[in-house]
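A.B. asks: one predicted model, sequence on top.
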Amino acid sequence: TGSNGMAIWTGLKPGSYIVEEVDPADGYSIIQSSETVYLADNGEQSVITVRFENMPDGNLLIRKVCSANPSVTLPDAEFKVTYADGTLIGDSNGIYRTDENGEILISGLQPGKSVVVTETQAPPGYLIDTQAQTVQIKEGRTVSLTFKNQPKGELIIQKRDSATGQPLAGAQFRVTTAAGCEVGLDGVIGDSTLTQNGIFTTDSSGEIRITNLAPGAYVLTEIKAPHGYVMDAPSTNVVIGEGVDTQTVVITNTPKGGLVINKLDSVTHEPLEGVEFTITEADGTVVDDNGGMTSSMGLYRTDENGQIIIDGLVGTFIITETKTIEGYTIHEETRTQTVVINPNDTQTITVYNDPVGGLELIKVNADDTKERIPNTTFEIRRMDDALVGTVTTDRNGRVFLSLENGSYYAVETESAEGFHMDDTPHYFEVENGETTTLQVENTPVSAILIHKTDSATGEGIYGVPFILYDSTNTPVGQYTSDNEGYVLIEGLEAGRYYLRELENEGYVPDTEKKTVYVESGETTEVEWENTPITGQIQITKTSADYNSVNGWPAGTPIPGTEFEIYNARTGNLVDTVETDKNGVASSRPLPLGRYKIVESKAADFYGLDKTPIEVEIEFEGQIVKAAMTNKGLYTNVSIQKTGYVEVMPGQQIRYDFGGIGNNSTTSLTSFYWRDTLPGQAVRLDKIVTGTYNV
């Protein structure tokens, strides 16, 4: 049919014809597919008009909304759409998805036919509506179906400290339905690939969040409490209601208890470090540190405060003292004790040890008797000087030695680093099997550090002598500065001292005494400058011979030669200079004294002469001149070639090269020569190559 809806056939012979509509226009359906007509044979032109009518197609609009709030439309819901006879609609096996507006519009459906719509997949966070809906397509109209989805619920588990309410991480729960099916990721139920066995762990905020849960009853079973806590209730029930239902469940844990063991001297009540205990549960299971996280095999030692502190304990425990420290005995009646620890409870026990007879020697700082000194060695002798033993203080400045009753004395034989040794005998008595405590003091070592420097350069001055006097002006000793200008005077008592500088070559003397105060155990630093008496060194460099490379004759000044100037006594580098265009290099002002000049870099085309030259600056303002020469460098090589002078046609020619040598005044890393052969008459067929050292 054309634009006017008509189709015309001409030139037809008389007879019967069938007109059948095979394809309606878009948006229309066939009502009567065919009609039979007859053309008469009466000699007259016959025109027959056949009229076909089409019905407009119908449309179907599917809408997906939230059952709790129908104004909320749901995208990504999947439906299967068929005719009532099972014929699939569309090009995707009857499958359609709601768009961003929660709608599906299907056009071109046959009027009068029934269409069945079934939801096959719910949008995320919603339960599927399994009830199919049927609708009859109306001619030229849009019919609609609305599907409502019920939103899934959410479960929030919060784990809290029962005492403080603080969130607890690391608690584990198994979440199941009331029927025992495990709940997993995104609320998936019963799928082993997603359930994690139904186990969830509280995060750093003490929470577990499970979304997309279908309405119903759930069971929360705590299977592991956080470290240091006990479970209050093993399981909890919760019901997720219809609609958008979020259930929050707060589950508490009670902190485990703790144990504190105090170990004290029974006489002085001072804490005892290093006493060993074994701690087990009532059934003999050893108690490891850190709640079982760190293996200790149940063995613990008291710390510097005489304590053992263990957290995270609940139950009945047996505490056994297994080893005490030297100089003490264990009370058998208190060696083993039993203690019951409840949740959120700390039990403290105090255990005493009796000191045995002997000497407890304590070494302390004389300036601060609270500071104990380790690594100090003593000899313990009887009154007849017989040696009983040699002992050294431990890191707590203490040492114990068992002794019989009698009279003794202790002599220090080796002091700790940083302290003066006290070799005075210290007498004591041991009586009635008791322990005698002897406290010995050491004075810390003090020192003076002098730094003698040049006021112009700030560099240290070598070889300056000093005399140190005590507070009564009695000489203590004479000392000399090192290469860096330092003098360290150790082993001094605290107090006032005087320093005097002796002769100082090359510098203005400073003979005034300096007063220095030394604090106990400290090093007093003295910065001492001297003004230099200076002169200068001037070096001239000329060519020793004719230089064939640059064409300079003998006696020509050579620029670009570098020199290093050293102090002859200390060997310290004091200056680096380079000759100018006149071949002259001048030093900075230098203190009086002897110096050594060493050429460090020669000018181009000249050989390096590293022979040192010594000069001396003897008075203020003196310019000491040094003249030096360099020999020029040249290159020369020797090569000897041997072979036949004449040959007949067809005869082989052989050349040998030898006597290759370097006759230059400098080393050569490589060189080459060119040898010309009569190319028109001969052809090279062999050459011997290699590497040669000449």
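C.D. replies: Now that the structure is in, tell me what you want to look at.
A.B. asks: all strands for the stretch 451-600 of the chain, in order.
C.D. replies: 465-469, 475-480, 486-492, 495-501, 514-518, 523-530, 534-543, 562-567, 573-578, 584-586, 590-591, 593-601 (DSSP state E, counting those that start in this stretch).
A.B. asks: minimum distance to residue 254: which of the ones you listed has it?
C.D. replies: strand 523-530 (57.3 Å; CB to CB). Where you see a C-beta, it was placed from the backbone N, CA and C, and this is true even at glycine.
A.B. asks: least confident secondary structure element in this structure?
C.D. replies: strand 28-30 (a mean of 75; mean pLDDT, DSSP states H and E).
A.B. asks: that one - contacts with which helices or strands?
C.D. replies: strand 54-56 (3 or more CB pairs under 8 Å, 6 or more residues apart in numbering; DSSP states H and E).
A.B. asks: any idea how far the strand it packs on is from the chain center?
C.D. replies: 77 Å (CA atoms, centre = their mean, to the nearest Å).
A.B. asks: what helices or strands is the next helix or strand after that strand leaning on?
C.D. replies: Per DSSP states H and E, the first helix or strand lying C-terminal to strand 54-56 is strand 58-66. Contact partners of strand 58-66 among helices and strands, from 3+ CB pairs under 8 Å, 6+ apart: strand 78-83, strand 103-109, strand 114-121, strand 142-149.
A.B. asks: which helices and strands does the shortest one pack with?
C.D. replies: Right, strand 78-83. strand 58-66, strand 95-97, strand 114-121.
A.B. asks: neighbours around the nearest residue to residue 156 once chain neighbours are set aside, how many?
C.D. replies: Residue nearest to residue 156 in three dimensions, not counting chain neighbours: residue 248, with 4.4 Å by CB to CB, 6 or more residues apart in numbering. Residue 248 sits with 12 neighbouring residues when counted by other CB atoms under 10 Å.
A.B. asks: do residue 84 as well
C.D. replies: 11.
A.B. asks: okay, domains of the protein per the record?
C.D. replies: The chain breaks down by automatic domain parsing into domains covering 15-55, 57-149, 153-255, 257-355, 358-442, 446-530, 534-630, 635-694.
A.B. asks: follow-up on the earlier one: now the helices and strands packed on strand 58-66 as TSV including mean pLDDT, distance to residue 606 and mean neighbour count?
C.D. replies: As requested, those are exported to TSV (pLDDT from 0 to 100; distance: least, CB to CB, whole Å; neighbours: other CB atoms under 10 Å):
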stretch	mean pLDDT	distance to residue 606	mean neighbour count
strand 78-83	95	93	19
strand 103-109	90	96	17
strand 114-121	93	93	17
strand 142-149	89	98	16
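A.B. asks: now render these as TSV, adding distance to residue 391.
C.D. replies: Formatted as TSV, the entries for the helices and strands packed on strand 58-66 read as follows, by distance: least, CB to CB, whole Å:
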stretch	distance to residue 391
strand 78-83	88
strand 103-109	95
strand 114-121	85
strand 142-149	86
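A.B. asks: would you format the strands of the stretch 451-600 of the chain as TSV with distance to residue 443, mean pLDDT and mean neighbour count included?
C.D. replies: TSV is the format used below for the strands of the stretch 451-600 of the chain (distance: least, CB to CB, whole Å; pLDDT from 0 to 100; neighbours: other CB atoms under 10 Å):
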stretch	distance to residue 443	mean pLDDT	mean neighbour count
strand 465-469	19	94	18
strand 475-480	16	94	13
strand 486-492	10	90	15
strand 495-501	11	94	17
strand 514-518	12	93	14
strand 523-530	15	92	15
strand 534-543	46	94	20
strand 562-567	40	95	19
strand 573-578	42	94	16
strand 584-586	55	96	18
strand 590-591	41	91	23
strand 593-601	42	94	18
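A.B. asks: between the ones you listed, which one is nearest to residue 47?
C.D. replies: Using CB to CB and comparing the strands of the stretch 451-600 of the chain, the one that lies nearest residue 47 is strand 593-601, at 122.1 Å.
A.B. asks: and the closest one, what does it pack against?
C.D. replies: Strand 593-601 packs on strand 534-543, strand 562-567, strand 613-617, strand 623-630, going by 3+ CB pairs under 8 Å, 6+ apart.
A.B. asks: related to what we said a few turns ago, which residues touch the least confident helix or strand of the chain?
C.D. replies: With CB atoms under 8 Å, 6 or more residues apart in numbering as the test, strand 28-30 has contacts from 21, 24, 52, 54, 55, 56, 57, 110, 111, 139.
A.B. asks: again, but for stretch 196-214
C.D. replies: 124-125, 127, 152-160, 166-176, 182-189, 223, 226, 240.
A.B. asks: how far does it sit from the chain's center?
C.D. replies: The answer for stretch 196-214 is 31 Å, by CA atoms, centre = their mean.
A.B. asks: in it, what's buried?
C.D. replies: Within stretch 196-214, the residues that count as buried by 16 or more other CB atoms under 10 Å are 196, 198, 200, 202, 206, 208, 210, 212, 213.
A.B. asks: quick one: contacts of stretch 433-440?
C.D. replies: With contact meaning CB under 8 Å, 6+ apart, stretch 433-440 is reached by 267, 327, 355-364, 369, 376, 378, 400, 405, 410, 412, 422, 426, 428-430.
A.B. asks: out of these, which are buried?
C.D. replies: 327, 355-364, 376, 378, 400, 410, 412, 422, 428, 430.
A.B. asks: narrow the residues you listed to those in strands?
C.D. replies: Mapping those onto strands (DSSP state E) picks out 355, 358-364, 378, 400, 410, 412, 428, 430.
A.B. asks: can you pull the contacts of residue 412?
C.D. replies: Taking CB under 8 Å, 6+ apart as the test, what residue 412 contacts is 376, 377, 378, 421, 422, 423, 424, 440, 442.
A.B. asks: can you list those residues in CSV and add distance to residue 389 and pLDDT?
C.D. replies: Below are these laid out as CSV (distance: CB to CB, whole Å; pLDDT from 0 to 100):
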residue, distance to residue 389, pLDDT
376, 15, 95
377, 11, 96
378, 9, 96
421, 19, 86
422, 19, 88
423, 18, 89
424, 19, 92
440, 16, 94
442, 20, 88
